[in-house]
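In: have a look at this fold, sequence not included:
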Ligand code: C2E
Ligand code: CA
Ligand code: CA
Ligand code: CA
């Protein structure tokens, strides 16, 4: 038994070493990718449910590696968070998204809100207000065209400090959204205190709204909460017309999901946005 235990231990520890090794390898490739400019952005349309037209886009990072191909952010964002690489990556994403949208504005395209994800580490370890201010200035994008997507984990620290940071961001004119709303650990108390403009209803709740009464109740409640607190609500991961019908009846005004469009390379997004038609 003792022998078996030792073997099991060795097995687990080898497995852990292999995992750690893989993560480290991924981390060093990712770090090179950042330097070589191998990251790119895709843009997923955000839709006004009354008109079904594009009103915004979420910038989603992609990594094209020569050997690994297109690596999903679900795989490399956690590695980037662990290693701190998320700070330069996040800054690149912000700059690139603002630059792109300002370029489209200069080409005479209609107003577009660009949503950019900001990780907790970026928010806490660097000076997010100064970074955002600088990038807006550098690209010329007006603050009101930018929305920052924050996760609930950002909002559970020292409330006074966070409030101060959020106020300074609002002073730049930017919009603030809570991403994956309802999946974090935070209390509802912060919602009332913080200057939040939008709640993004997580796709895990949207998925089953048609068949699952519990999920439907959660989504209903989030939309009501948003309305009562005068915040907009956007449903993520909308894939079917029946989900859409439910959301419209409940009074949700905005959505994002495969029903309308996948995240697209900049050129394809531009072509779709230019057409200006209902999706
Ligand atoms: P997220 O912020 O919740 O982004 C939404 C994810 O849902 C995206 O996955 C998007 O492609 C996917 N999605 C959109 N519509 C649908 C749909 O109808 N059905 C389904 N099943 N999925 C849909 P993606 O692009 O793979 O990104 C995954 C996550 O990686 C993001 O989740 C976000 O947390 C993170 N991420 C992506 N880009 C960035 C970034 O620039 N910075 C940071 N910090 N995180 C990022
Ligand atoms: Ca997001
Ligand atoms: Ca989300
Ligand atoms: Ca998510």
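Out: Yes, it's here. Everything quoted here is computed from the prediction, not taken from an experiment. Numbers count the residues shown, from 1 in each chain. Ligands and ions are numbered 1, 2, ... in the order given.

In: what residues does this protein have near ligand 3?
Out: Applying CB under 5 Å from the ion, we find that the chain lies next to ligand 3 at 179, 180, 236. No exception for glycine: its C-beta is placed from N, CA and C like everyone else's.

In: swap the cut-off to 6 Å and go again
Out: When proximity is defined by CB under 6 Å from the ion, the chain lies next to ligand 3 at 179, 180, 200, 202, 236.

In: in the chain, which strand is the longest?
Out: In the chain, taking DSSP state E as the definition, the longest strand is strand 53-65.

In: so what's the residue positioned nearest the centre of the chain up against?
Out: The structure's the chain has its C-alpha centroid closest to residue 117; by CA atoms, centre = their mean the separation is 3.8 Å. If a contact means CB atoms under 8 Å, 6 or more residues apart in numbering, then residue 117 has 58, 59, 60, 61, 90, 93, 149, 179 as its contacts.

In: if I look at the nearest residue to the first one once chain neighbours are set aside, how far off is residue 213?
Out: If I follow you right, that is residue 58. Excluding its sequence neighbours, the residue lying closest to residue 58 (CB to CB, 6 or more residues apart in numbering) is residue 115, at 4.3 Å. According to CB to CB, to the nearest Å, residue 115 and residue 213 sit 30 Å apart.

In: also residue 24?
Out: 46 Å.

In: assumed residue 217 was part of a helix.
Out: Yes. Counting by DSSP: H, G, I helix; E, B strand; the rest coil, residue 217 is located in a helix.

In: quick one: secondary structure of the residue nearest to the centre of the chain?
Out: Relying on three-state DSSP, one would call residue 117 strand.

In: okay, residue 24 and residue 213: which has more neighbours?
Out: It is residue 24, of residue 24 and residue 213, that has more neighbours when counted by other CB atoms under 10 Å, with 12 against 9.

In: tell me the SS of that one?
Out: Assignment for residue 24 (three-state DSSP): helix.

In: and residue 97, how many residues sit next to it?
Out: Residue 97 has 26 nearby residues by other CB under 10 Å.

In: buried set for the helix or strand encompassing it?
Out: Under the criterion of DSSP states H and E, residue 97 resides in helix 86-106. Neighbour counts over helix 86-106 (16 or more other CB atoms under 10 Å) mark 86-91, 93-98, 100-102, 104-105 as buried.
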